[in-house]
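**Q** sequence and predicted structure, then a few things I'm wondering about:
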Amino acid sequence: MEQNDQRNLMLAMLLILGLFTLYNIFVLEPQNRARREQLAQAQNEQIATSPILAPIIEKTRNEVVAEESAAGMRVPVDAPAIDGSILLKGSRIDDVSLKGFYDTIDDKLAQRKENEVHLMAPDNSERAFYAVVNWTGAPGLPDENSVWTQTSTGALTDVNPLLLTWTGAGVTINRQISVDTNYLFTVADTVTNTGSAAIAVTPTAALRQRQLPEHLKPAPQAHAGVIGTYGSQKNQMRKYSDLNKGKGVSEQADKGWIGLTTKYWMAAAVPEQGEPVTMLASVAKANGRTMFQAGYAASPYAVAPGQSISKSTRIFAGAKRVSVLDSYQKSGGIPDFTNAVDWSWLFFITKPFFWLLQTFQGWFGSFGLAILALTVCVKTVFFPLQYKMYQSMSKMRKLQPQVEALKERFGADKARQQQEMMKLYQTEKINPLAGCLPLIPQMFVFYSLYHTLMVTLEMRHTPFFGWIKDMSAPDPTTIFNLFGLIPWNPGAVPLIGSFLMIGVWPILYGATMFALQSMSPPPADPMQRAIMKWIPLLFLILFAGVASGLAIYWVWSNLITLTQQYIIMRQTGVETELDKFLKKTFGKKVDPA
């Protein structure tokens, strides 16, 4: 590929990316915001004018929990990784906070326990999300609003299970709820037929989640919605928007699990493995509210008079820590549970990348240093390809005067011009594509590493050196307030605030891009040359809002690439633009002799 063609292709891609980004910010996002506001207004009007159902007054999670606790309807939960409470009404797991995870980095630094991530929340709260395990089929069975009786004492802990009982017409259910040291509840039931006739009972489990704006926002880096494994069908996904469109789930399986997930958090229902069940997911709309549902229903079981049947369900409610998911997959027998993390279709690259990151983090004690070490490994593996690419670039650069002469000589005859250029390449034993082909595998690797850093929980609220306290958040500094010296927040400026948050690491990224650009000769066309000069600044602005961990990776990667390219090009006897700049700035080096 001719060098000018490469530049034209790169320039076109960059301009398209820039235009799409601006179109998304100034056109699509306002339209989506207007549609969301119209939908919310329509739902409010529906609630206010409904002749059948009165509007439900939603309260905060804390208000609901406090009222029900005061009424003796809640049992506290205090385990190593989670705390909260269980509601006796429906025996619901509906109040779960994740220890060690906070809403913001400031909450984490201040250890504000009240601002821990609240994954599960009661019904009738502003963000209901809860799990219920139930039995259906026979008269006298409890429903989701039946009040269970606690027969144990004290809070539910990892060493003190919660014992409940329900007695109905001809049926008694004894339930034990236990929780491990991480995020897994086990609900074990024994159903006894105390009547005089046989009954049929069906074990079920369901996760219910209220529709919230954050659940409907686009999540380009990670899946948000229904996820699960249904028998041989692995890594099954349905977005929240798919459920809204009526694309639910109804799959027969004898093993697997199903859950509702966002980028970092998940609740999942796990039936007994080997048990024939129907995995279900849908959306229910009533009273102007939307409730997402995911769970399963097993096959009916016949229970003779005086006989009992015992079944158990596991409910996962926690953070998608890969090490925890892997332990449940290996020792807990939950198939493909690590696929709760959205590894993308390049999972054969992203999973090894994450394993290397965890390994390096164990060695260096820092996720940031692990990113730098992994970048070195990637650059080392691709060095042979890089070497060939830079060699080809160097040879092409040496031939640039002859190529320009051919263009001038056969400017009116493009076909003859291409023929003569190919002869020149054959004579000099140069493959024009040698500088392009190595870029293809590197593009896949770059995307895989980018995706790994964006979707895994381990980078969230993880510090680097200096002012970077959270590598999953953008660089908090900005040049427009002199990096904090001026008491002003440029990010608060309407419309353009996000473009003004240009911190130290984005500036370093732009500088390294400019340095890389200087390694190649400028385009012959004056217009292209002028535009190319602005590309580093364009990238600097567009990527100023990315996670600082990614900015650190890009800067470090550019520095390694810059060093490799400079050494190889100097070895081949090519004077780079950087050499010319240094020579012009500092003068010709004097021979010590």
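**A** Yep, it's here.
**Q** CA atoms for contacts and neighbours, from now on please.
**A** Will do.
**Q** could you pull out the strands in the stretch 151-300 of the chain for me?
**A** Along the stretch 151-300 of the chain, the segments classed as strands by DSSP state E, counting those that start in this stretch run 162-168, 171-179, 184-193, 199-210, 225-230, 233-239, 249-253, 256-261, 265-270, 277-286, 289-298.
**Q** of all those strands, which one is nearest Thr338?
**A** The closest of these to Thr338 is strand 233-239. By C-alpha to C-alpha, the value is 9.6 Å.
**Q** helices or strands up against that closest one?
**A** strand 225-230 (3 or more C-alpha pairs under 8 Å, 6 or more residues apart in numbering; DSSP states H and E).
**Q** and the strand it packs on, which strands flank it?
**A** Using DSSP bridges, strand 225-230 pairs in its sheet with strand 233-239 (antiparallel), strand 256-261 (antiparallel).
**Q** identify the bridge partners of Ser312.
**A** As for beta bridges, Ser312 partners with Ala188 under DSSP bridges.
**Q** which residues touch it?
**A** Contact analysis of Ser312 by C-alpha atoms under 8 Å, 6 or more residues apart in numbering lists Thr186, Val187, Ala188, Asp189, Pro271, Glu272.
**Q** hang on, isn't the fifth one packed against Phe316?
**A** If I follow you right, that is Pro271. No - judged on C-alpha atoms under 8 Å, Pro271 makes no contact with Phe316 at a distance of 11.3 Å.
**Q** who has more neighbours, these two?
**A** For Pro271 versus Phe316, the count of surrounding residues by other C-alpha atoms under 10 Å is larger for Pro271: 28 against 21.
**Q** next one: that one from Asn145, what distance?
**A** In this view, Pro271 and Asn145 are 22 Å apart by C-alpha to C-alpha, to the nearest Å.
**Q** what about Pro401, how many neighbours?
**A** Quick note: Pro401 (other C-alpha under 10 Å) scores 11 neighbours.
**Q** before we move on, the earlier item: make a markdown table from the strands of the stretch 151-300 of the chain and add mean neighbour count and distance to Glu126 to it.
**A** Output for the strands of the stretch 151-300 of the chain, formatted as a markdown table (neighbours: other C-alpha atoms under 10 Å; distance: least, C-alpha to C-alpha, whole Å):
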| stretch | mean neighbour count | distance to Glu126 |
| --- | --- | --- |
| strand 162-168 | 18 | 27 |
| strand 171-179 | 21 | 26 |
| strand 184-193 | 20 | 24 |
| strand 199-210 | 21 | 8 |
| strand 225-230 | 26 | 19 |
| strand 233-239 | 17 | 22 |
| strand 249-253 | 17 | 26 |
| strand 256-261 | 28 | 18 |
| strand 265-270 | 24 | 18 |
| strand 277-286 | 20 | 16 |
| strand 289-298 | 22 | 11 |
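**Q** which one of those strands lies closest to Asp413?
**A** strand 233-239 (54.7 Å).
**Q** hmm, who's touching the closest one?
**A** With contact meaning C-alpha under 8 Å, 6+ apart, strand 233-239 is reached by 223-230, 247-248, 336, 339-340.
**Q** run the chain-centre distance for that strand.
**A** Relative to its chain's centre, strand 233-239 lies at 16 Å (C-alpha atoms, centre = their mean, to the nearest Å).
**Q** ditto for stretch 245-261
**A** Relative to the chain's own centre, stretch 245-261 is displaced by 21 Å; criterion: C-alpha atoms, centre = their mean.
**Q** same check on stretch 251-265?
**A** The answer for stretch 251-265 is 16 Å, by C-alpha atoms, centre = their mean.
**Q** distance of Lys379 from Asn558?
**A** As for Lys379, its distance to Asn558 is 10 Å (criterion: C-alpha to C-alpha).
**Q** typo on my end, Leu457
**A** For Leu457, the distance to Asn558 - C-alpha to C-alpha - is 25 Å.
**Q** same deal with Gln400?
**A** Between Gln400 and Asn558 the computed distance is 25 Å (C-alpha to C-alpha).
**Q** of those two, who's got more company?
**A** The neighbour comparison of Gln400 against Asn558 (other C-alpha under 10 Å) goes to Asn558, with 20 against 14.
**Q** so the more buried one touches Thr512, yeah?
**A** Yes - between Asn558 and Thr512 there is a contact under C-alpha under 8 Å: 6.0 Å.
**Q** could you find the closest non-adjacent residue to Pro175?
**A** That one is not Pro; residue 175 is Arg. Residue nearest to Arg175 in three dimensions, not counting chain neighbours: Asp189, with 4.5 Å by C-alpha to C-alpha, 6 or more residues apart in numbering.
**Q** now do the contacts for that neighbour.
**A** Asp189 sits next to Ile173, Asn174, Arg175, Gln176, Ser310, Lys311, Ser312 when contact means C-alpha under 8 Å, 6+ apart.
**Q** tell me the confidence at the spatially most central residue of the chain?
**A** Nearest to the geometric centre of the chain sits Val455, at 3.0 Å (C-alpha atoms, centre = their mean). Reported pLDDT at Val455 in the predicted model: 88.
**Q** residue contacts, it?
**A** Applying C-alpha under 8 Å, 6+ apart, we find Val455 in contact with Gln221, Ala222, Lys263, Tyr264, Val341, Asp342, Trp343.
**Q** so the first one sits against His451, correct?
**A** I take that to be Gln221. Yes - Gln221 lies in contact with His451 (C-alpha under 8 Å); the separation is 6.5 Å.
**Q** of these two, who's got more company?
**A** More crowded of Gln221 and His451, by other C-alpha under 10 Å: His451, with 21 against 16.
**Q** now the helix or strand that that one is a member of: buried residues?
**A** In the assignment (DSSP states H and E), His451 maps to helix 439-455. Buried positions in helix 439-455, judged by neighbour count with 16 or more other C-alpha atoms under 10 Å: Gln442, Val445, Ser448, Leu449, Tyr450, His451, Thr452, Leu453, Met454, Val455.
**Q** who touches the residue nearest to Lys59 when sequence neighbours are not counted in this structure?
**A** Once flanking residues are discounted, Lys59 sits nearest to Ser125: 4.8 Å by C-alpha to C-alpha, 6+ apart. Listed by C-alpha under 8 Å, 6+ apart, the contact partners of Ser125 are Glu58, Lys59, Thr60, Arg61, Val64.
**Q** give me the phi and psi for the second one.
**A** Taking degrees, to the nearest 10, you get phi -120, psi 170 for the backbone angles of Lys59.
**Q** check the last one too.
**A** Taking degrees, to the nearest 10, you get phi -60, psi -50 for the backbone angles of Val64.
**Q** could you list the domains of the chain?
**A** Domain assignment for the chain, taken from automatic domain parsing, gives 61-342, 354-582.
**Q** need the ones you listed in CSV with distance to Phe348, can you?
**A** Shown next, in CSV, are the domains of the chain (distance: least, C-alpha to C-alpha, whole Å):
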stretch, distance to Phe348
domain 61-342, 12
domain 354-582, 9
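**Q** mind telling me which of those domains the model trusts least?
**A** Ranked by mean pLDDT, the domains of the chain bottom out at domain 354-582, with a mean of 80.
**Q** and that domain, how far from the chain's centre?
**A** Chain-centre distance of domain 354-582: 24 Å, with C-alpha atoms, centre = their mean.
**Q** what do you get for stretch 69-78?
**A** 34 Å.
**Q** name the residues that touch that stretch?
**A** Counting by C-alpha under 8 Å, 6+ apart, 65, 68, 83-89, 154-158 sit against stretch 69-78.
**Q** so how far is Phe499 from Gly549?
**A** Where Phe499 is concerned, Gly549 sits at a distance of 18 Å (C-alpha to C-alpha).
**Q** okay, these two: which has more neighbours?
**A** Between Gly549 and Phe499, counted using other C-alpha under 10 Å, the more crowded position is Gly549 (28 against 17).
**Q** isn't the more buried one up against Lys469?
**A** No - between Gly549 and Lys469 there is no contact under C-alpha under 8 Å: 10.4 Å.
**Q** state the distance from Phe292 to Val159.
**A** As defined by C-alpha to C-alpha, Phe292 lies at a distance of 33 Å from Val159.
**Q** before I go, just wanted to say thanks for your time.
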